[in-house]
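In: just the structure for this:
(chains A and B)
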Amino acid sequence: MGTDVIEREIVIAAAPERVWPLVAEPGFWATDDEDARGRQAVAGESLVVRHSEHGGFPVSVEKVDPPHYIAYRWVSAFPGEPLREDTATLVEFTLTPEGDGTRLRVVESGFGALATTDENRENVITDHTGGWEHCLTVLAERAA
Amino acid sequence: MTTTDRPDADLVDGVLAALADPTRRELLDVLSGRGQATATTIAAELPVSRQAVVKHLAVLDTAGLVESTKVGREVRFSVRPEALDTTARWMAALAADWDRRLGRIKRLAEAAEAAARDA
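Out: Numbers count the residues shown, from 1 in each chain, chains lettered A, B, ... in the order given. A predicted model of the protein is given here:
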């Protein structure tokens, strides 16, 4: 039962070197801040990516191995809260050359370890799903 | 996520927390294989004590993953599939979010590749 992990992948008709700068933009999936576009992740840094409506999402850059692998932690549950084991999920991107293109794989894990103390449990999950819901809308708009 | 998922959010949280423990996942596997089982029967198939099994069953019960029936002096446990189904749908929605995000990366990267080729 792979309950705690989400794994998705896509094949892209572009070299890993072309795909890399896009996934190395910290928190690219959670921001609508066009000024932050193009910035590149540095291992060990922590930052807050901004969304105009939903506030800030803390993101830390865990590991950077260009153009093969990058790992982030992010807090989608509590805008403004610090990153901790029980507030963040791990998001890993792996780029594998495939012909002239790239297989891009994402693994998000750690949902089962999110804070579950009685007083904040309900908040965590409500905010978390709210965050995703919001993200989705934004991405759909941006992609359109 | 869609708004219809939100009422299930607390349930999903409990399920994921409960299933984060590998022994509890194994316990559920044993239980779903047998249909119904007592804590003693389950303990015989797992490398943990009956006492530990009882504790794990309590967590799974709170998460809505198992239910118990009293048959004489025995308490028999069985899997409740509803909570698992709801969680599976929630995870599917998160997976769909990532599909969209990866799709966006694909479009941007392929556009950049095409632009470089044309240049």
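In: so where is chain A shaky, pLDDT-wise?
Out: A:1-4, A:76-81, A:113-144 (pLDDT under 70).
In: I meant to write chain B there.
Out: Along chain B, the parts satisfying pLDDT under 70 run over B:1-9.
In: in it, which residue sits nearest chain A?
Out: Per Cβ to the nearest Cβ, the residue of chain B with the smallest distance to chain A is B:Ala20, at 2.8 Å. Every residue, glycine included, has its C-beta placed from N, CA and C.
In: all helices for chain B, in order.
Out: Secondary structure of chain B (DSSP state H): helices at B:9-19, B:22-34, B:39-45, B:50-62, B:81-118.
In: likewise chain A?
Out: With helices called from DSSP H, chain A shows them at A:16-23, A:118-143.
In: and the first one, which residues are buried?
Out: Okay, so that is helix A:16-23. Buried residues in helix A:16-23, counted by 16 or more other Cβ atoms under 10 Å in any protein chain shown: A:Pro16, A:Arg18, A:Val19, A:Trp20, A:Pro21, A:Leu22, A:Val23.
In: just to check, the first one is in contact with A:Leu95?
Out: Looking back up the chat, that one is A:Pro16. Yes: between A:Pro16 and A:Leu95 there is a contact at 4.4 Å, judged by Cβ atoms under 8 Å.
In: next, show the common contact partners of those two.
Out: A:Pro67, A:His68, A:Thr102 (Cβ atoms under 8 Å, 6 or more residues apart in numbering or on different chains).
In: so how far is chain B from the first one?
Out: Computed with Cβ to the nearest Cβ, to the nearest Å, the distance linking A:Pro67 and chain B is 11 Å.
In: can you pull the contacts of that residue?
Out: A:Pro16, A:Glu17, A:Val19, A:Trp20, A:Leu95.
In: ignoring the adjacent residues along the chain, who's closest to the residue of chain A found nearest chain B?
Out: Relative to chain B, the nearest point of chain A is A:Gly112 (2.8 Å; Cβ to the nearest Cβ). Excluding its sequence neighbours, the residue lying closest to A:Gly112 (Cβ to Cβ, 6 or more residues apart in numbering or on different chains) is B:Ala20, at 2.8 Å.
In: burial of the one you found, as a residue count?
Out: By the criterion of other Cβ atoms under 10 Å in any protein chain shown, B:Ala20 has 17 neighbours.
In: is it in contact with A:Asp86, as I believe?
Out: No: counting by Cβ under 8 Å, B:Ala20 does not reach A:Asp86; the two are 11.1 Å apart.
In: my guess is the residue of chain A closest to chain B meets B:Arg25, correct?
Out: No: A:Gly112 is beyond contact range of B:Arg25, at 10.1 Å (criterion: Cβ under 8 Å).
In: in chain A, which spans are strands?
Out: Assigned by DSSP state E, chain A shows strands spanning A:5-12, A:46-51, A:55-65, A:69-74, A:89-98, A:101-109.
In: which among those is found nearest to A:Pro82?
Out: Closest to A:Pro82 of the strands of chain A, according to Cβ to Cβ: strand A:55-65, at 6.6 Å.
In: tell me if the closest one is near chain B.
Out: No: Strand A:55-65 is not in contact with chain B by Cβ under 8 Å from any Cβ of the partner chain; minimum separation 13.8 Å.
In: in stretch B:32-49, which of the residues would be classed as buried?
Out: Buried residues in stretch B:32-49 (16+ other Cβ under 10 Å): B:Arg34, B:Ala37, B:Thr38, B:Ala39, B:Thr41, B:Ile42, B:Ala43, B:Glu45, B:Leu46.
In: likewise for stretch A:21-37?
Out: Quick answer for stretch A:21-37 (16+ other Cβ under 10 Å): A:Pro21, A:Leu22, A:Val23, A:Ala24, A:Glu25, A:Pro26, A:Gly27, A:Phe28, A:Trp29, A:Ala30, A:Thr31, A:Asp32.
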